[in-house]
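Student: Structure, please.
(4 chains)
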Number of protein chains: 2
Amino acid sequence: MNQKEIKNSVNKIFTEYLTSQGYRKTPERFAILDEIYDCKTHFDVELLYMRMKEKKYRVSKATLYNTLELLLACKLIIKHQFGQNTAQYEKSHKSKQHDHLLCIACSRIIEFCDPRIQEIKNDIGDFNNFQVNDHSLYLYGYCEKCKK
Amino acid sequence: MNQKEIKNSVNKIFTEYLTSQGYRKTPERFAILDEIYDCKTHFDVELLYMRMKEKKYRVSKATLYNTLELLLACKLIIKHQFGQNTAQYEKSHKSKQHDHLLCIACSRIIEFCDPRIQEIKNDIGDFNNFQVNDHSLYLYGYCEKCKK
DNA sequence: TTCACTGCAAACGCTTTGCATATGG
DNA sequence: CCATATGCAAAGCGTTTGCAGTGAA
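Tutor: From the prediction side, this is the model:
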């Protein structure tokens, strides 16, 4: 699926979500979705704001936060809270569930998948009588370039 | 090891850390450590501030943040960034490495241990040529009281 | 027409910082 | 002594909120 097809697909998902929830299909919302799917990697609100400012669309921070909330709800993006400050986001269209390795020296991010995570979620959930919906896992250390 | 012995032990560790780094051994720092080791569970800066205010010691927020930083450095506490706001802390003296289940409805926190986490760290580290030092894992969902 | 959405700016809340004062070494 | 710590209050900074104006349905 190329970039164009992905955009059509997420556009459709977002449209259906907005319709089903009785939300309005405003041009701002679709412009934001479009900009997000142009992002190669992780991004934050400030970056998105600057990029859209440079282009045709200038949206307010309030609208950005509002729209990111909607996109989170229909799972078109994922939110990461790496530190205590700026939240990071990434697009997540049909992407395989994955976690992250973070280099504490150079900030490199590597994605990985491990089926044992799902097993742990199931087992720990069962054992504690918890309905586990979601998780966040980050491994911290030094990448090959940074370890001595 | 009882509460008294634990306090003696962490006191010694903190003293040695401060000395080795050339930091001053101020009464505020030890009062804060003491108050933290009276906490049964997780706590945040505000809670610590209120508790100390009620007792003999009234320390400023600035000093609390400063001291928490030192205690993090010598691994006598662990810091959690559950949301984008208030950071949570917990004491970590020789406690078994554990992770957390968080109820997204009532904020209940349950701790759990799973040896598979360590296996994942080893395997993913090896596979990606990463030296994995640390990790954070949180499972989110509904606890037995909150799931419908 | 109408009410949800947007933009703007002010408010929020946790954390950090600046500065005068106090004190450990 | 004097450089480091403390207390206080102000500043920072990402995020949220209030409100008047706008535009999708």
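
Student: what's the burial count for A:Cys39?
Tutor: 15 (other CB atoms under 10 Å in any protein chain shown). Yep, even glycine has a C-beta here, placed from its N, CA and C like the rest.

Student: There's contact between it and A:His93 in this structure, I believe.
Tutor: No. At 12.0 Å, A:Cys39 does not count as touching A:His93 under the criterion of CB atoms under 8 Å.

Student: what about the helices in chain A?
Tutor: With DSSP state H, the ranges of helices along chain A come out as A:3-21, A:27-36, A:45-54, A:61-73, A:115-128.

Student: can you list these in a markdown table and add mean pLDDT?
Tutor: Output for those, formatted as a markdown table (pLDDT from 0 to 100):
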| stretch | mean pLDDT |
| --- | --- |
| helix A:3-21 | 95 |
| helix A:27-36 | 97 |
| helix A:45-54 | 95 |
| helix A:61-73 | 97 |
| helix A:115-128 | 96 |
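
Student: Quickly compare these and say which is most buried.
Tutor: Of all the helices of chain A, helix A:27-36 has the most neighbours on average by mean count of other CB atoms under 10 Å in any protein chain shown, namely a mean of 18.

Student: In a markdown table: the helices of chain A, plus distance to A:Asp99.
Tutor: As requested, the helices of chain A are exported to a markdown table (distance: least, CB to CB, whole Å):
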| stretch | distance to A:Asp99 |
| --- | --- |
| helix A:3-21 | 22 |
| helix A:27-36 | 21 |
| helix A:45-54 | 22 |
| helix A:61-73 | 18 |
| helix A:115-128 | 7 |
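
Student: Would you confirm that A:Glu144 contacts B:Asp126?
Tutor: No. A:Glu144 is beyond contact range of B:Asp126, at 11.4 Å (criterion: CB under 8 Å).

Student: Walk me through the domains of chain A.
Tutor: By the assignment in automatic domain parsing, chain A contains the domains A:3-91, A:99-141.

Student: out of those domains, nearest to DNA strand C?
Tutor: domain A:3-91 (3.1 Å; CB to the nearest atom of the strand).

Student: Any idea how far apart the tips of that closest one sit?
Tutor: Counting by CA to CA, to the nearest Å, you get 13 Å between the two ends of domain A:3-91.

Student: Near DNA strand C, which residues of chain A are found?
Tutor: Taking CB under 7 Å from any atom of the strand as the contact definition, chain A meets DNA strand C at A:23-24, A:26, A:28-29, A:58-63, A:66-67, A:84.

Student: Farthest pair within those?
Tutor: A:Arg24 and A:Gln84 (33.8 Å; CB to CB).

Student: which of the two has more neighbours?
Tutor: Neighbours were counted for A:Arg24 and for A:Gln84 using other CB under 10 Å; A:Gln84 has more, 12 against 8.

Student: ok, that one to A:Lys61 distance?
Tutor: Between A:Gln84 and A:Lys61 the computed distance is 19 Å (CB to CB, to the nearest Å).

Student: hang on, A:Asp44 packs against A:Glu90?
Tutor: No. When contacts are counted by CB under 8 Å, A:Asp44 is not listed as touching A:Glu90 (10.4 Å).

Student: would you turn the domains of chain A into a markdown table with distance to chain B?
Tutor: Converted to a markdown table, the domains of chain A look like this (distance: least, CB to the nearest CB, whole Å):
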| stretch | distance to chain B |
| --- | --- |
| domain A:3-91 | 5 |
| domain A:99-141 | 4 |
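
Student: of all those, which lies closest to B:Leu72?
Tutor: Judged by CB to CB, the one of these that comes nearest to B:Leu72 is domain A:3-91, at 12.7 Å.

Student: how far out from the middle of the chain is the closest one?
Tutor: Remark: domain A:3-91 is offset 9 Å from the chain centroid, using CA atoms, centre = their mean, to the nearest Å.

Student: and if you look at stretch A:129-138?
Tutor: 17 Å.

Student: which residues touch it?
Tutor: Contact with stretch A:129-138 is made by A:80-82, A:99-102, A:117, A:121-122, A:124-125, B:101, B:103-104, B:110, B:135-144, B:147, as judged by CB atoms under 8 Å, 6 or more residues apart in numbering or on different chains.

Student: and those, which of them are in strands?
Tutor: A:80, A:99-102, B:101, B:103, B:110, B:135-142 (DSSP state E).

Student: No further questions, thank you.
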